[in-house]
Structures are given as C-alpha cells and as structure tokens.
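**Student:** need a structure here:
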Amino acid sequence: MVDSTWFDEFPVLAKLPPSQAAAKLQELGEEELAEALVKSAGAEKRGPTFGVLGGLFPAKAWQHTAHAFGYIPPMRAGQEWLPVEHAGNIKPDATLKNSRIKITLDRLRVAEYPGGGTHRILFDFYAQNQVPGSVEHLHFNATYRSHEGEEAAIIGFPIFIGLNIGAEGVAFKCYTVNVKNEDDEALLGFLDTDVFRAGLKLVSTVQPAIAPLSGIAVALTKSIAGRHRNVPVQEFYMGLDFGNVATGARLAAGSYVAVQIPASLQRVWDWSQWGYHMSSGQLLAKDDSKEMIPYNYIVFGVSRYSNE
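**Tutor:** Numbering: from 1, shown residues only. Here you go, the predicted model:
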C-alpha cells in the first residue's frame, strides 16, 4: 500500500505532541483540559503521549493509542452468553481461503470523545481486495452520530460486500474523525444517502472504478481530519491470517472487537471477563451484567459472502 492511501500526516489526538493536542482541545472548548495538559507536559516532560493530566483529571478514553482485539464466535441456539477471546487465540477457518466475505459495522461505542455532547464521527474503513493478478486498495466512508457514553444507532451496516481474500488472509484498517466543524457536518450529509448506506459492492475481477472512488474517499477523510475543530480519535490495523503464529490474529466468520485501551492495560486485559449477552445485544462484564466496557470500541462482523 502506498503512503498516500493512509493518514499518517493526520495522527489521532493521543499521538500529538502536548502543545498540538492542547491546541486541538482548545478548539473543542476543552479549556481546562488543554491548560492541564500544557502544565503536565512542562512539569513532567512526558513527550508525545500524555497520561493523567497534571493530577487534575483522570486519563480520557480518547487519550490512548493501544488496542485490545477480541473475537466473538457466531451465535448458537440456546446460548445466553457468547464468549469473547483474543483474536489470535482462535482457530482459523481454512475454508475461507481464496473466497469472498462480507464486512459489516455492528457497533461503534463512544465511551468518551473530545468535546462532549453529541458527536458526528467520520469513519474510514480500509481493506485489500485480492483479485486475480492484482490487489485493490479499498476505502469506504460513512458517518454516524452518537451521544457521549453511548453507542451509535447501527447494527449490520454494510461496509464491503463480496471482498475477495487470498490464501494468506486479509488486512483491515480503521480510522475515526470526530467532526465538530458545523460546515463540515453539513458537507458530510451526502454520506447519509441510500447509495452510501448500501456499502461498497465488489466483484471477483478488477474494477476500474474502484481506484478513483477510493481516492475520493481518502481525499475526503484527509480534508475533514485537517480542518478546524475536527480531530482524529481512533485508528488501528488488523491483519487476519490462517497461520499459527502466536503473536498474530486469525480469520474466521464471527465478530471482531477493537477496544482503545491504555497501554498499561495490555498486560492485564482479560477477554474472559467479558461476554456478549444475547438478550441485550451488548458486550458486558460476566460478573456484572450492568457494566459495559468503559472504552471506545468498534465491532465489525465477518461472514461468508453469497451472491445469490
């Protein structure tokens, strides 16, 4: 993938140097947080990432770059809870090699985004479409609204329909932008039309129109990410394969969860403490069915594609 197809020049808020992060927070009306961040960075020389803000504020959910990756298996009749496992600790489905799959966005939880209130989130989803003799780099844009501390009102939102995967697996990238610029919110209204809500439909051969369409999607995301009062919040890369390397992740039909967590939690994060509760349709703590994961997360579904 060439560098121009990604967004390294527009890093998420948690990757910004303290002075730039403080400036973004001021744009969003987070004056006290911005001031605390500047003081904290000056006193403790934290560098490009920041933790508890000067002892005055706890760490924010948007303040982290680390992720935990989980997997929820397909539902079975009679099950009240579905287990969640680390995405590298499952058995790959070898029957998906050289096949086609459907990707859906099933959950987008906004535990905490900068600026508070109701958020409009621009979502950029990237995947590689492996057609005979070529690899197409795909980008798909969509926007969703969610109030602080809640989930966007989506389930089964189609992203890529008929994505071709090879013998080695598939690669995904996700990138979210918190859009607070009122003019940009109006501009993005066209993404709410039925054409875009139908997802990106693919075929088994090279599609000449895919490259320019993906280029437009990338240009739109870059334009919005760099604008006043807009800020990228979450990004992750997930490569899913059919191997057995302990540090990788496997491809199978089911649901994948990407949770934006503090780096300090990566050593102790335990997916067995969480489960998918079928009756409520929520990811909840197994020992307290009222407790939700207290971080931003994205859930996308992977299923076998049928063109019938």
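**Student:** hey, which helix or strand in this structure has the poorest pLDDT?
**Tutor:** Confidence across the helices and strands of the chain bottoms out at helix 194-197, with a mean of 67, counting by mean pLDDT, DSSP states H and E.
**Student:** so how far is stretch 288-299 from its chain's centroid?
**Tutor:** Relative to its chain's centre, stretch 288-299 lies at 15 Å (C-alpha atoms, centre = their mean, to the nearest Å).
**Student:** what count of nearby residues applies to residue 157?
**Tutor:** As a burial measure, residue 157 scores 19 neighbours (other C-beta atoms under 10 Å). Bear in mind the C-beta positions are built from the backbone N, C-alpha and C, glycine included.
**Student:** ok, it - contacts?
**Tutor:** 104, 105, 106, 142, 197, 199 (C-beta atoms under 8 Å, 6 or more residues apart in numbering).
**Student:** any chance of those residues in CSV, with distance to residue 276 too?
**Tutor:** Below are these laid out as CSV (distance: C-beta to C-beta, whole Å):
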residue, distance to residue 276
104, 15
105, 16
106, 10
142, 23
197, 25
199, 23
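**Student:** ok, then the element right after the least confident helix or strand of the chain?
**Tutor:** Heading C-terminal from helix 194-197, the first helix or strand you meet, by DSSP states H and E, is strand 200-201.
**Student:** show me what the very next helix or strand once past that following strand is packed against.
**Tutor:** Sequence-wise, the next helix or strand downstream of strand 200-201 (DSSP H and E) is helix 210-225. In terms of contacts (3 or more C-beta pairs under 8 Å, 6 or more residues apart in numbering; DSSP states H and E), helix 210-225 is packed against strand 118-131, strand 134-147, strand 169-179, strand 230-241.
**Student:** among these, show me which one is buried the most.
**Tutor:** Sort these by mean neighbour count, taking mean count of other C-beta atoms under 10 Å, and strand 169-179 sits at the top with a mean of 23.
**Student:** could you check the angle strand 230-241 makes with that one?
**Tutor:** When axes from the mean of the first three to the mean of the last three C-alpha atoms, to 10 degrees is applied, the directions of strand 169-179 and strand 230-241 differ by 170 degrees.
**Student:** so which bits of the following helix or strand past strand 169-179 are buried?
**Tutor:** Using DSSP H and E, the helix or strand that follows strand 169-179 in sequence is helix 182-187. For helix 182-187, a neighbour-count test (16 or more other C-beta atoms under 10 Å) marks 184, 185 as buried.
**Student:** contacts for helix 182-187?
**Tutor:** 120, 179, 224, 227, 230.
**Student:** how about the helices in the stretch 1-150 of the chain?
**Tutor:** 18-27, 31-44 (DSSP state H, counting those that start in this stretch).
**Student:** my guess is residue 296 meets residue 260, correct?
**Tutor:** Yes - look at residue 296 against residue 260 with C-beta atoms under 8 Å: they come within range, at 4.4 Å.
**Student:** neighbour count winner among these two?
**Tutor:** Legend: neighbour count by other C-beta under 10 Å for residue 296 and residue 260, higher for residue 260 (27 against 24).
**Student:** enumerate every residue touching that one.
**Tutor:** 61, 62, 64, 65, 66, 67, 234, 236, 295, 296, 297.
**Student:** nearest residue to the first one in space, please, no chain neighbours.
**Tutor:** It refers to residue 61. The shortest distance from residue 61 to any non-neighbouring residue, by C-beta to C-beta, 6 or more residues apart in numbering, is to residue 112 (3.5 Å).
**Student:** roughly how far does the nearest residue to residue 110 once chain neighbours are set aside sit from residue 279?
**Tutor:** In space, residue 110 comes closest to residue 146 once its chain neighbours are excluded; the distance is 4.2 Å by C-beta to C-beta, 6+ apart. Distance from residue 146 to residue 279, counting by C-beta to C-beta, to the nearest Å: 22 Å.
**Student:** nearest to residue 284, out of the helices and strands packed on helix 210-225?
**Tutor:** strand 134-147 (18.3 Å; C-beta to C-beta).
**Student:** state the distance from the closest residue to residue 70 other than its chain neighbours to residue 174.
**Tutor:** Leaving aside its chain neighbours, residue 70 sits nearest to residue 257 (4.0 Å; criterion: C-beta to C-beta, 6+ apart). Residue 257 sits 12 Å away from residue 174, going by C-beta to C-beta.
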